[in-house]
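Need a 3D model of the sequence below.
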Amino acid sequence: MPNDETLTLLRKARKVLDRYLFDEATQAVRDDVAEVCIAIDDALPDETRVPIKRAAELDRELADAAA
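Numbering: from 1, shown residues only. Next comes the predicted model:
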């Protein structure tokens, strides 16, 4: 697989994992998901890294998506 495709897939996977980073019931950070996110972030070149979002930003995105 070409490098560009690999980076694109990693970026997409990282964005999807953002949705699962916080446990819905307790709002605590899920360590298993966080570890995978960190591994992806470490593999991505600096200019392609996904910016880290706060829980409030993720909640706002979920509310916008549900509307």
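
for the chain, what helix or strand is lowest in average pLDDT?
Least confident helix or strand of the chain, by mean pLDDT, DSSP states H and E, is helix 55-66 with a mean of 75.

which residue ranges form the helices in the chain?
With DSSP state H applied, the chain shows helices at 3-18, 31-43, 55-66, listed in chain order.

Let me know which of those helices is the nearest to Glu24.
helix 55-66 (9.6 Å; Cβ to Cβ). For the C-beta atoms, the positions are set from N, CA and C on the backbone; glycine is no exception.

Distance check, the most centrally placed residue in the chain against Asn3.
Among the residues of the chain, the one closest to the centroid is Asp18, at 3.0 Å (Cα atoms, centre = their mean). Taking Cβ to Cβ, to the nearest Å as the criterion, Asp18 is separated from Asn3 by 23 Å.

Sketch out the low-pLDDT regions of the protein for me.
Filtered on pLDDT under 70, the chain yields the residue ranges 1-2, 47-54, 58, 67.

What are the buried residues along stretch 32-43?
Within stretch 32-43, the residues that count as buried by 16 or more other Cβ atoms under 10 Å are Val33, Val36, Cys37, Ile40.

Now flag whichever of those is closest to Ala13.
For the buried residues of stretch 32-43, the nearest to Ala13 is Ile40 (6.3 Å; Cβ to Cβ).

List the contacts of the closest one.
Contacts for Ile40 (Cβ atoms under 8 Å, 6 or more residues apart in numbering) come out as Leu10, Ala13, Arg14, Leu17, Val50.

Looking at the residues you listed, spot the one nearest Leu62.
Looking across the contacts of Ile40 and measuring by Cβ to Cβ, the closest to Leu62 is Leu17, at 14.3 Å.
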